[in-house]
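Asks: here you go, sequence then predicted model.
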Amino acid sequence: WPSRRKHTPFPPGPKPLPIVGNILGINPGAPWVSYTEWGKTYGELVYSRILNQEIIIINSEELARDLLERRSSNYSDRPEIIRMTNDFFGWSFNTVMIPYSNRWRLHRRLFHQAFRAEAALSYRPMQIRKARELLVNLLEAPVDFPAHFKTYSASVIMSIVYGYEPAPRDDPIISIVERAVDLAIESIRPEVAAFLGLFPFVRYVPSWLPGASFKRTALRSQKYAGDMVDAPFQYVEKSMDAGTAIPSMVTDSLRRVSTDDEKYSQAVRESSVTAFAAGSETTASTLLVFILAMVLYPEVQQRAQAELNSVLGTDRLPNFEDRASLPYVEAVYRETLRWFPTAPLGVPHATTNADVYNGYFIPQGATIITNTWAMTRNEAKYLSPEDFCPERFFTASGELNDDTVNYAFGAGRRICAGRYIADASVWSAMVSILATFNITKCKDEQGNELPVNPKWVAGVTTRPYDFQCNFVPRFSGLTAEKLTQMF
Ligand code: HEM
């Protein structure tokens, strides 16, 4: 292949500057927007260079299918530089970033057993129960809604993976995990990866050297990550020994194969903690996007509630048996995934070998970015894409169309391993909240509504910065006790 390069051009893209490449052309707060602009200028396949990294950007669903699915054996690795950064911060356990290899296959097999579509059905009663606990938390302390979403998302995954029921607040295991995740989100950033890619030797400088603060952070992160991997696992081991363990991904996996197989039990330990790290933040962030949309688009909220009233009446809460009878709520769910995807650039893939696509050369080891944001802004498919408009998911005859916005979970062999659980967690929380509360803007002392101007956190995953809103019960005199009676 490399000799073909002489005759085969790279895909079109912005002209790189010497050394830094195209870095200056990227909006650091919202790189997905810059990449989408490039897509408008150069087409759906874009080549760029950031420092010494070759980057190929995929800007359409069709192209993602062609490369990541139809040529999946070549497009399922992860970029070396990001893997290296993960390892440096103690996150080498992370299924999301491990190379396309037998180790990754073993992780995916473990995920498949616990998280595949049929297995996911068995968790639904638990997800509904936890969504109702979420309602009680929202009723009792509405201002803390972002924290309640975190608790809810974390507790669903902890239950599936470890059979562990975290305390509603200050749970010791959740605190260990959150400490590690928070530090990693702060530290494992693209610019840090780029820096380590350019100067890999800095990983080996002694931590006491002046200016080596990142090395000290890395050591702290390694310690926190180690605790995160071990603490919940030890809890399960102890409860298995005591005969009190609740069936979970970890107990099932360990019972299936002898625990003497160290490689296997290590993979169980690693994939289970990855489920938590990959699944709780993303699910909670998607719920924040949903709340923001309901605050900004009250007419959508009212329409969804009218549908709920017509199906449920006013004396019971929804459950999964109602899902098929609630097409508008379904469209609100899809529009939440589309309007502001929480992983707007997915997770980067990498090529194993060089390739040629439509006459363009794609180098070996190139970073492949799936620009989900560009797919959500495809004006040929979505009219006025900045608007939150669930109606776009209906055909002219009023049926739901077949666009499930599945691309928000990536594509190909590395597609999100937890997508069925994520779908059910987001849906059950959304529908339970819509049935119980009106979500409204806050008011000032004169009774004027306070404006909500969303701003978005920059990172691999994003979410709206905290904003204020009210959760007003839809039934007068609603108390936690009355709510619990409706469960
Ligand atoms: C709304 C919530 C979620 C969103 C939007 C989301 C999105 C994504 C995306 C975009 C990817 C990258 C796919 C690719 O490389 O093409 C991914 C990977 C992954 N997700 Fe999710 N995810 C969510 C929830 C979850 C949950 C609940 C779990 C729990 C098991 C999970 C586990 C994973 C894992 C393990 C991977 C890595 C797969 C691999 O590299 O083979 N995710 N997710």
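Replies: Sure thing, it's come through.

Asks: from here on, contacts and neighbour counts on C-alpha atoms
Replies: Will do.

Asks: quick one: average confidence on stretch 70-80?
Replies: Mean per-residue pLDDT for stretch 70-80: 96.

Asks: what is the end-to-end distance of it?
Replies: Across stretch 70-80, the terminal residues are separated by 23 Å (C-alpha to C-alpha, to the nearest Å).

Asks: how about that stretch against the ligand, any contact?
Replies: No: using C-alpha under 6 Å from any ligand atom, we find that stretch 70-80 stays clear of the ligand, coming within 7.8 Å at best.

Asks: and the pLDDT for residue 314?
Replies: pLDDT, residue 314: 77.

Asks: tally of neighbours for it?
Replies: Counted with other C-alpha atoms under 10 Å, residues neighbouring residue 314 total 13.

Asks: and it, which of the three is it?
Replies: On the three-state scheme (DSSP: H, G, I helix; E, B strand; the rest coil), residue 314 is labelled coil.

Asks: so how far is residue 307 from it?
Replies: The spacing between residue 314 and residue 307, counted by C-alpha to C-alpha, is 12 Å.

Asks: in the stretch 151-300 of the chain, which residue sits nearest the ligand?
Replies: Going by C-alpha to the nearest ligand atom, the ligand is nearest to residue 279 of the stretch 151-300 of the chain, at 3.3 Å.

Asks: tell me how far the residue of the stretch 51-200 of the chain found nearest the ligand lies from residue 313.
Replies: Residue nearest to the ligand within the stretch 51-200 of the chain: residue 96 (3.6 Å; C-alpha to the nearest ligand atom). Distance, residue 96 to residue 313, using C-alpha to C-alpha: 43 Å.

Asks: those two: which is more packed in?
Replies: Ranked by neighbour count (other C-alpha under 10 Å), residue 96 and residue 313 place residue 96 first, with 24 against 12.

Asks: show me what secondary structure element comes after the helix or strand hosting residue 251.
Replies: If you go by DSSP states H and E, residue 251 is part of helix 249-256. With elements assigned by DSSP H and E, the helix or strand that comes after helix 249-256 is helix 262-296.

Asks: how far off helix 249-256 does that next one point, in degrees?
Replies: Helix 262-296 and helix 249-256 are oriented at 160 degrees to each other (axes from the mean of the first three to the mean of the last three C-alpha atoms, to 10 degrees).

Asks: which strands or helices does helix 262-296 pack on?
Replies: Judged by 3 or more C-alpha pairs under 8 Å, 6 or more residues apart in numbering; DSSP states H and E, the packing partners of helix 262-296 are helix 102-115, helix 145-162, helix 213-241, helix 249-256, helix 327-339, helix 419-436, strand 437-440.

Asks: what residues sit buried inside that helix?
Replies: Buried residues in helix 262-296, defined by neighbour count with 16 or more other C-alpha atoms under 10 Å: 264-265, 267-296.

Asks: name the residues that touch stretch 165-181?
Replies: For stretch 165-181, contacts defined as C-alpha atoms under 8 Å, 6 or more residues apart in numbering pick out 151, 154-155, 158-159, 221, 224-225, 227-228, 231-232, 277.

Asks: including distance to the ligand and pLDDT, could the residues you listed go into TSV?
Replies: Converted to TSV, those look like this (distance: C-alpha to the nearest ligand atom, whole Å; pLDDT from 0 to 100):
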residue	distance to the ligand	pLDDT
151	13	90
154	9	91
155	11	92
158	10	93
159	12	94
221	20	93
224	20	95
225	16	94
227	19	94
228	16	93
231	18	92
232	15	92
277	8	87
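
Asks: quick one: those residues as a markdown table, columns for distance to residue 75 too.
Replies: Output for the contacts of stretch 165-181, formatted as a markdown table (distance: C-alpha to C-alpha, whole Å):
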| residue | distance to residue 75 |
| --- | --- |
| 151 | 35 |
| 154 | 31 |
| 155 | 33 |
| 158 | 31 |
| 159 | 33 |
| 221 | 30 |
| 224 | 32 |
| 225 | 28 |
| 227 | 33 |
| 228 | 30 |
| 231 | 34 |
| 232 | 33 |
| 277 | 24 |
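
Asks: could you check the pLDDT of the nearest residue to residue 254 once chain neighbours are set aside?
Replies: Excluding its sequence neighbours, the residue lying closest to residue 254 (C-alpha to C-alpha, 6 or more residues apart in numbering) is residue 265, at 6.9 Å. At residue 265, the model reports a pLDDT of 89.

Asks: tell me which of the helices and strands packed on helix 262-296 sits nearest to residue 27.
Replies: Proximity to residue 27 (C-alpha to C-alpha) singles out helix 327-339 among those, at 19.6 Å.

Asks: and the closest residue to residue 404 other than its chain neighbours, how far from residue 376?
Replies: The shortest distance from residue 404 to any non-neighbouring residue, by C-alpha to C-alpha, 6+ apart, is to residue 334 (6.2 Å). The gap separating residue 334 from residue 376 is 11 Å, by C-alpha to C-alpha.

Asks: which one of the two has more residues nearby?
Replies: residue 376 (25 against 22).

Asks: surely the more buried one and residue 335 touch.
Replies: No: between residue 376 and residue 335 no contact is recorded; they are 9.6 Å apart, counting by C-alpha atoms under 8 Å.

Asks: pull up the residues of the stretch 1-150 of the chain that are close to the ligand.
Replies: Neighbours of the ligand within the stretch 1-150 of the chain, by C-alpha under 6 Å from any ligand atom: 95, 96, 97.
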